[in-house]
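> sequence unknown, structure follows:
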Ligand code: SF4
């Protein structure tokens, strides 16, 4: 019998790795259990990602820092209230918008507007022995090979958190490794370099994958998938859902969407204020 491949994205894999109960809530339980409200840092991240994607849709002469700031404003939408974005109030939303505009404009000022990316928010995918992997890459650049024999794609992922990522983060990222593998296979070329672009600081953390390191990434992803498949099979065979998908309480429970549906998470950490992860504006 052919092996049924486990369809996954990086988020699906890391959700199971972080907490199997959260995975069940997200992907299996229907109707979906009650979730908490929006987090402001997620809203800021969505607006910045949208602005940076649309910037590349602009005609060349409009790919300017000023236009980048305007695109943040346009993407900000109707978020002056805590109910629609996780902000404390309209004043905090406005201060964060101004901060995001300045950060995105400064980031855009360092870009070459003529360096047309191979893809922006492009979906890439590949099968492995056990996975049908797909994911959406923030940006795929084309850069000259260090060897000087042509060019090759580079995976770029935008980051906005308080912590500035370093090269170890880029090297150890399961998502970036899978993106590199899938980008290479989708574009039928070699893809080795992955980069985390921390938009607020302009810092770039980078790593170069080898065929060996990509094999390690695939093994890690397939190991997580195999645990998820086993848990799903146990559930289908009638196992107690809470035993098949145990909780993994951690500091992340303060930020988990499913806290309202998870007594373990509620006992583990106090709920974070929806705006607590914002940088001071
Ligand atoms: S609150 Fe914590 S234990 Fe509960 S589902 Fe979320 S991450 Fe898992």
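Everything's here; your move. Note that the structure is predicted; figures quoted are calculated from it, not measured. Numbering: from 1, shown residues only.
> got the residues of the chain near the ligand?
By C-beta under 6 Å from any ligand atom, the residues of the chain that approach the ligand are 19, 21-22, 25, 247-249, 252-253, 256, 258-259, 262, 264-265. For glycine as for every other residue, the C-beta is placed from the backbone atoms N, C-alpha and C.
> Among these, which lie within helices?
In this view, those that belong to helices under DSSP state H are 21-22, 264-265.
> one step back: just the buried ones out of the residues of the chain next to the ligand, please.
By neighbour count, with 16 or more other C-beta atoms under 10 Å, the residues of the chain next to the ligand hold 19, 21-22, 25, 247-249, 253, 256, 258-259, 262, 265 as buried.
> excluding its backbone neighbours, what's nearest the closest residue to the ligand within the stretch 151-281 of the chain?
Closest to the ligand within the stretch 151-281 of the chain is residue 265: 2.1 Å, counting by C-beta to the nearest ligand atom. Nearest non-adjacent residue to residue 265, counting by C-beta to C-beta, 6 or more residues apart in numbering: residue 253, 3.7 Å away.
> Just the pLDDT at the residue of the stretch 151-281 of the chain closest to the ligand, thanks.
Residue 265 carries a pLDDT value of 98.
> Then residue 45?
What the model reports for residue 45 is a pLDDT of 95.
> number of nearby residues for the residue lying closest to it once chain neighbours are set aside?
Closest residue in space to residue 45, ignoring its immediate chain neighbours: residue 160 at 5.1 Å, by C-beta to C-beta, 6+ apart. Neighbours of residue 160 under the rule other C-beta atoms under 10 Å: 22.
> for this protein, which helix is longest?
Identified as the longest helix of the chain according to DSSP H is helix 211-236.
> Now it: buried residues?
Of the residues in helix 211-236, those buried (16+ other C-beta under 10 Å) are 214, 217-218, 220-222, 224-225, 228, 231-232, 235.
> TSV for these, including pLDDT?
Putting these into TSV (pLDDT from 0 to 100) gives the following:
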residue	pLDDT
214	98
217	98
218	98
220	98
221	98
222	98
224	98
225	98
228	98
231	98
232	97
235	98
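> Please enumerate the helices of the stretch 101-250 of the chain.
For the stretch 101-250 of the chain, helices defined by DSSP state H, counting those that start in this stretch occupy the ranges 167-172, 174-187, 211-236, 241-244.
> tell me the angle the longest one makes with helix 174-187.
The reference is to helix 211-236. 110 degrees (axes from the mean of the first three to the mean of the last three C-alpha atoms, to 10 degrees).
> Mind giving me the packing neighbours of helix 211-236?
strand 6-8, helix 10-18, helix 20-23, strand 131-144, helix 174-187, helix 241-244 (3 or more C-beta pairs under 8 Å, 6 or more residues apart in numbering; DSSP states H and E).
> Nearest to residue 73, out of those?
The closest of the helices and strands packed on helix 211-236 to residue 73 is strand 131-144. By C-beta to C-beta, the value is 20.3 Å.
> Strand partners (parallel or antiparallel) of the closest one?
In the sheet, strand 131-144 lines up against strand 6-8 (parallel), strand 119-127 (antiparallel), strand 151-159 (antiparallel) (DSSP bridges).
> which of the residues in the last one are buried?
When burial is assessed from 16+ other C-beta under 10 Å, strand 151-159 yields the following buried residues: 152-159.
> Using JSON lines, lay out the helices of the stretch 101-250 of the chain together with distance to residue 117.
Shown next, in JSON lines, are those (distance: least, C-beta to C-beta, whole Å):
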{"stretch": "helix 167-172", "distance to residue 117": "18"}
{"stretch": "helix 174-187", "distance to residue 117": "12"}
{"stretch": "helix 211-236", "distance to residue 117": "22"}
{"stretch": "helix 241-244", "distance to residue 117": "42"}
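> number of nearby residues for residue 103?
Residue 103, neighbours per other C-beta under 10 Å, totals 22.
> surely it meets residue 199?
Yes: Residue 103 is within contact range of residue 199, at 5.5 Å (criterion: C-beta atoms under 8 Å).
> any common contacting residues for those two?
Shared contacts of residue 103 and residue 199, defined by C-beta atoms under 8 Å, 6 or more residues apart in numbering, comprise residue 48.
> Spatially central, which residue of this protein would that be?
The centroid of the chain falls nearest to residue 11 when counting by C-alpha atoms, centre = their mean (7.1 Å).
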